[in-house]
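Asks: fold the following, please.
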Amino acid sequence: MLLIVTNKSDLACDFLILRLKERKIAFVRLNTEDYGKQYEIDLSVSRHRSEFTVTFADSTRISNDDIQAVYFRQPLLPALHPEIASKDCEFAIREIREHFRSLWRLIDETKWINHPRRLWLASNKVEQLSLAVRIGFTIPNTLVTRSLPQVKSFFDIHEGRVICKAVKNGFVSHNNNVVVALTQRIDEGFFSHAENFASIPSIYQNEIHKIYDIRVIVVGGNVFATAIHSQEHVETEVDWRAWDICNFSLCHEPIELPDPIADCCRSITAHYNLVYSAIDLVLGSDSNYYFLEMNPNGQWAWIEHKTGYPIRDALIDSMGYTDVTLFK
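Replies: Next comes the predicted model:
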C-alpha cells in the first residue's frame, strides 16, 4: 500500500487521495499531528531485524512489509498533553520529533517521494544557486548578507534594481496563522530606515525584467512547466505569490521549455536524488531563463487545477503504481 505522511489540513494530499480512490490504489494516511490520539508507533531493533508497527485506534496495524511507497508532505508535530509542564515542552517536542525521524529511517529510502533526509539536503537556496550555475542555468547576481554597506554597494552596482527575500523561506507560523514575507524591491528609503528591520541575513539579487514567472514541476522524468503571467498586475510584478491575497485571477499557461532548460531542471532534481521538485524560473526580457530556487516539497495541486497537467498520475506512477492496484 501507499503510506501518505502529511497533516490533516493539506489540500494537495486530499486532491491526491481523490485520484488514488479513482485508480483503486490502497493507501493509509498518517496525519502526524494525530500521533498519540489516532495511532501509536512502536519501533523494534534486534540482532535479527529492525522493524516498526503503526497501530491505529481501530486496531488496524501496518508494518514495513505492508508499504510499497511513501508520499511525504509537510508533516506537523502533535500538540503536547496539557499536563506537560512548560519547562519540559522543549524536551518533549524534541523526543517526539526524533521518534518520527527514527520511523522514517526504518523505511527504505528508495520508497519515498521524497525522503526527509533528501528534502533537508536539497533545501539550501545558496547551494542551489551555486549548483544551478554549474549545471547550466543562468541566475541573478546574488548577495547574502546582513551588512548594510555591502547591500548599499550591491544596490549601487545594479543601479537600484534590487530585490530582497528570505534566506530560508518567507513563511512564519504563529498561533495557527501563517504570514508570508514576500520578495520585495528595495529603494533608497530602505537604507534610511534600515534600523526598523531586524539585523539578520537576507538574500539580495538584481531584479530581472520579467516577461513572466515559471513554475516547473518535475516528477521523475516528467517536466511540467507553467507560465505565470505575473506582469499583468502591479501587485504580482515582484512576487507572484501576492496573488493569493489579491482579489483577481492570475493567468496560468502551460508552456514547453527549451530542451536545455528542461534538462537542467531534471539535472538539479536528480543531483539531490529527488523524485519530485518544484522549481521557480523567470523568463527575462533578454530571452534568458533565470533559475531562482527549487522547493523539493513545494506545492503542485493548483498547477494541475489550472493547467490540466496529469501531475497526480505522474506522482502515483513514479511510486510504482503503473497498473491498477485493488484495495485490500
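Asks: contacts and neighbour counts: CA atoms only from here.
Replies: OK.
Asks: which stretches in the stretch 51-200 of the chain count as helices?
Replies: In the stretch 51-200 of the chain, the segments counted as helices under DSSP state H, counting those that start in this stretch are 89-105, 116-121, 125-135, 148-157, 188-192.
Asks: so for residue 42, which of those sits nearest?
Replies: helix 89-105 (8.7 Å; C-alpha to C-alpha).
Asks: return the set of buried residues in that closest one.
Replies: Under the neighbour-count criterion of 16 or more other C-alpha atoms under 10 Å, helix 89-105 has 92, 103, 104 buried.
Asks: ok, back up a step: nearest to residue 61, of the helices of the stretch 51-200 of the chain?
Replies: Per C-alpha to C-alpha, nearest to residue 61 of the helices of the stretch 51-200 of the chain: helix 89-105, 14.6 Å.
Asks: avg pLDDT for stretch 41-49?
Replies: Confidence for stretch 41-49, expressed as mean pLDDT, is 92.
Asks: contacts for it next, please.
Replies: Stretch 41-49 is contacted from outside by 35, 50, 51, 52, 53, 54, 55, 103, using C-alpha atoms under 8 Å, 6 or more residues apart in numbering.
Asks: repeat for stretch 152-164
Replies: Contacts for stretch 152-164 (C-alpha under 8 Å, 6+ apart): 143, 183-188, 191, 202-207.
Asks: and what of stretch 252-265?
Replies: 132, 135-137, 216, 218, 223-229, 279, 289, 306-307.
Asks: keep only those of these that are in helices.
Replies: 132, 135, 306, 307 (DSSP state H).
Asks: how about the residues you listed, which pair is most distant?
Replies: 135 and 306 (29.8 Å).
Asks: more neighbours: which of the two?
Replies: residue 135 (16 against 13; other C-alpha atoms under 10 Å).
Asks: look up the closest residue to that one, ignoring the ones flanking it.
Replies: In space, and not counting its chain neighbours, residue 135 is closest to residue 264: 6.3 Å by C-alpha to C-alpha, 6 or more residues apart in numbering.
Asks: quick one, phi psi at the one you found?
Replies: phi -60, psi -40 (degrees, to the nearest 10).
Asks: where do the strands sit along the stretch 151-300 of the chain?
Replies: 162-165, 171-174, 177-180, 184-186, 202-206, 210-219, 222-228, 252-255, 276-284, 289-295 (DSSP state E, counting those that start in this stretch).
Asks: quick one: average pLDDT of the fifth one?
Replies: Rounded to a whole number, the mean pLDDT of strand 202-206 is 95.
Asks: buried set for stretch 235-249?
Replies: Quick answer for stretch 235-249 (16+ other C-alpha under 10 Å): 236, 237, 238, 239, 240, 242.
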